[in-house]
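[1] Sequence below, structure please.
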Amino acid sequence: MPRRTLTHSLLALSTAAALSAGGVLPAAAAAPPASAVAPAAPSPSAEWVRTQDAPSRISAELPGRAKPEETSVPVDEGEAVAARTYRVDLPDGGAAGFTVHDVPGWRNTLREFLDGFLESYNALSDEPLAAKDIKETTLEGRQVLDARLVSEVPGPDGIAGFIRLIAEGDHLVQILTFGPAADADPLGQTQARTAASLRFPAGPSPAAD
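    Residues are numbered from 1 along each chain as shown. From the prediction side, this is the model:
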């Protein structure tokens, strides 16, 4: 794949990562927020920084300091899903981060959310992306889905990614790491460390004002 195509695909995946509706909203209805703030790219020696989503008090460590990107996307007439994405750019065009979606009363499955995420990406890219090695488990009473993301382009010119979805009460957490396929091993290590660092509040989240 030419570098220009790889860069376009990485940008499309980054945009799909910021979409808040996932499996709730058809891909054609979603769009990235115009006011999103791009996070600063970490230096090669960047230290891992714990980042907290203030409304939910959910936090995780990321390989650098992230800035939030807020999204509000309509899912039904008069209704919207809010989400906050915390992302750090990685070398070679990839990124690592997590998103907290506010989904009170949601009845979708994690697999449906994953399908919606892939539909959002594939609507933006010329190179389709598929989920492999999908595994659904229960961790500390929470539903968890893990998957490896693979583009149809073979070899190091393709895209490699890893996604974890966790259902937590009225929130759905998405952890995503992606980049060039040549970096698959370090990307997997980054995903594993971010996932292991995820922390949930001991008590209920504070009520919104």
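
[2] Walking through this protein, point out its strands one by one.
    Using DSSP state E, the strands of the chain run over residues 49-53, 58-62, 67-76, 79-89, 95-102, 129-139, 142-151, 159-168, 171-180.

[3] Redo those as CSV? Include distance to residue 112.
    To be clear about C-beta, it is placed using only N, CA and C from the backbone, and glycine gets the same treatment. Shown next, in CSV, are the strands of the chain (distance: least, C-beta to C-beta, whole Å):
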stretch, distance to residue 112
strand 49-53, 23
strand 58-62, 21
strand 67-76, 13
strand 79-89, 14
strand 95-102, 13
strand 129-139, 12
strand 142-151, 10
strand 159-168, 10
strand 171-180, 11
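
[4] could those strands go into a markdown table alongside mean pLDDT, distance to residue 202 and mean neighbour count?
    Below are the strands of the chain laid out as a markdown table (pLDDT from 0 to 100; distance: least, C-beta to C-beta, whole Å; neighbours: other C-beta atoms under 10 Å):
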| stretch | mean pLDDT | distance to residue 202 | mean neighbour count |
| --- | --- | --- | --- |
| strand 49-53 | 95 | 14 | 16 |
| strand 58-62 | 96 | 12 | 22 |
| strand 67-76 | 71 | 23 | 16 |
| strand 79-89 | 84 | 21 | 21 |
| strand 95-102 | 91 | 17 | 25 |
| strand 129-139 | 94 | 16 | 12 |
| strand 142-151 | 94 | 14 | 19 |
| strand 159-168 | 92 | 13 | 23 |
| strand 171-180 | 92 | 15 | 25 |
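
[5] Looking at those, which is nearest to residue 199?
    strand 58-62 (5.0 Å; C-beta to C-beta).

[6] Point out the other helices and strands that the closest one packs with.
    On a contact count with 3 or more C-beta pairs under 8 Å, 6 or more residues apart in numbering; DSSP states H and E, strand 58-62 meets strand 49-53, strand 79-89, strand 95-102, strand 171-180, helix 184-197.

[7] now the angle between strand 49-53 and it, please.
    150 degrees (axes from the mean of the first three to the mean of the last three C-alpha atoms, to 10 degrees).

[8] Please tell me how far residue 118 sits from residue 163.
    For residue 118, the distance to residue 163 (C-beta to C-beta, to the nearest Å) stands at 9 Å.

[9] Of the helices and strands packed on strand 58-62, which is nearest residue 110?
    So among the helices and strands packed on strand 58-62, strand 171-180 is nearest, using C-beta to C-beta, at 7.9 Å.

[10] quick one on the thing from earlier: how about the strands of the chain, which one is nearest residue 196?
    Comparing the strands of the chain by C-beta to C-beta, strand 58-62 comes nearest, at 8.6 Å.

[11] got a list of contacts for that closest one?
    48-53, 86-88, 96-98, 100, 168, 171, 173, 175, 193-195, 197-201 (C-beta atoms under 8 Å, 6 or more residues apart in numbering).

[12] For residue 34, report the pLDDT, please.
    Note on residue 34: pLDDT of 31.

[13] can you check residue 37 too?
    So, for residue 37, pLDDT stands at 31.

[14] Please renumber the chain so that the first residue is 47 from this point on.
    In the new count, where the first residue is 47, that last one comes out as residue 83.

[15] Any idea which of the helices and strands packed on strand 104-108 gets closest to residue 188?
    strand 217-226 (9.0 Å).
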